[in-house]
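1. A predicted structure for the sequence below; I have some questions about it.
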Amino acid sequence: MKSSLLDLLVLLLDKISLVTNFKLFSMPERAQGDSHFQDTPFLKRGDLLEVHRTLFVHFGIYLGNNKVAHLMPDILTAISDDKCLIGKVVTNKRLILGVLAKVASIRVDTVQDFAYGGDIMVNHMDKSFKTKPLSSEEVAERAEKLLGSTSYSLLWDNCEHFVTYCRYGFPVSFQTDKFCETVKRIIRDQRSVLVSAASGLVLTLCLGLDPSTTLPCLFITFTLWMAS
């Protein structure tokens, strides 16, 4: 049953990806002869690479020789020691289960596989930090020392934390900060209380006065009211 639900979830995410070009849960195989980012003379060892997605930015550290170290959720690192299997392109199921299980891998892929066909920005984050980045060699060495399985959190331990630790000496995620700031604004907006109360009232009218629906609605509304 669980397997069927997971297959349905993966299929749904794939369909959404096709419609919106949202590649969070997919790593499409590159066609033979694709020369996008084949030549990388402008990249230097220790560079911080960014690839923009529809809803997020993916980060990596360039190691030289067309190789990039980056952190990706991957369930296989927790259940297998087969390096050949783990080294293959991460599938949808591996990634989704990795996110849910909070396990990941800091792995090395080619620049082409890292980019997923997107445009790469180099060291764009430098202007956001007051401190200067570490030396290029130290940045790359930090990334290489961390290669292998690791813990994962969508908000608190993701690919951005990995690269900022390597390049600047401490882990930071501006995407997480922006998300948390947005959530804080929503919570502090008293209109959220009205929406929650209205939703609770509609559920009560539709499903009846049942503790399993009424109590959570009251709790959420009360929490939003106290936090606003």
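-> Happy to help now that I have it. Residues are numbered from 1 along each chain as shown.
2. domains for this structure, by residue range?
-> The record's domain split for the chain, according to automatic domain parsing, is 2-172, 189-227.
3. mean pLDDT lowest for which of those?
-> Among the domains of the chain, domain 189-227 carries the lowest mean pLDDT, a mean of 68.
4. hmm, who's touching the strand or helix carrying residue 165?
-> Element membership of residue 165, judged by DSSP states H and E, is helix 159-168. The contact list for helix 159-168 (C-beta atoms under 8 Å, 6 or more residues apart in numbering) reads 46, 48, 57-61, 70-72, 106, 125, 129, 131, 133-134, 139-140, 142-143, 146, 170-176. All C-beta spots, glycine's among them, are computed from the backbone N, C-alpha and C.
5. quick one: the strands in the protein?
-> 48-52, 57-64, 67-73, 103-110, 120-122, 148-151 (DSSP state E).
6. other residues contacting the shortest one?
-> Residues lying outside strand 120-122 but in contact with it, judged by C-beta under 8 Å, 6+ apart, are 37, 42, 43, 47, 48, 49, 50, 51, 52, 111.
7. 6 Å instead, please
-> Contact with strand 120-122 is made by 47, 49, 50, 51, as judged by C-beta atoms under 6 Å, 6 or more residues apart in numbering.
8. now the second one
-> In this structure, residues lying in contact with strand 57-64 by C-beta under 6 Å, 6+ apart are 43, 45, 47, 49-51, 68-70, 114, 140, 143, 159-160, 163, 166.
9. how about that strand: buried residues?
-> 57, 58, 59, 60, 61, 62, 63 (16 or more other C-beta atoms under 10 Å).
10. that strand pairs with which strands, parallel or anti?
-> Here strand 57-64 is paired, per DSSP bridges, with strand 48-52 (antiparallel), strand 67-73 (antiparallel).
11. and for the last one?
-> Strand 148-151 has its sheet partners listed here by DSSP bridges as strand 103-110 (antiparallel).
12. any residues touching the partner strand, and which ones?
-> 66-69, 71-74, 77-78, 98, 146-147, 149-150, 152.
13. just flag the most distant two among the residues you listed.
-> Using C-beta to C-beta, those span at most 28.6 Å, a distance reached by 66 and 78.
14. list only buried entries from the contacts of helix 159-168.
-> Using 16+ other C-beta under 10 Å as the burial test, the contacts of helix 159-168 include 46, 48, 57-61, 70-72, 106, 125, 133-134, 139-140, 142-143, 172-173, 175-176 as buried.
15. any idea how far residue 108 is from residue 83?
-> According to C-beta to C-beta, to the nearest Å, residue 83 stands 12 Å off from residue 108.
16. between those two, who's got more neighbours?
-> residue 108 (19 against 8; other C-beta atoms under 10 Å).
17. bridged to the more buried one, which residues?
-> residue 69.
18. how close does it get to residue 116?
-> 16 Å.
19. if we ignore the residues flanking it in sequence, what's nearest residue 176?
-> Using C-beta to C-beta, 6 or more residues apart in numbering and skipping the chain neighbours, the partner closest in space to residue 176 is residue 155 (4.9 Å).
20. quick check: phi and psi on the one you found?
-> Main-chain torsions, residue 155, degrees, to the nearest 10: phi -100, psi -40.
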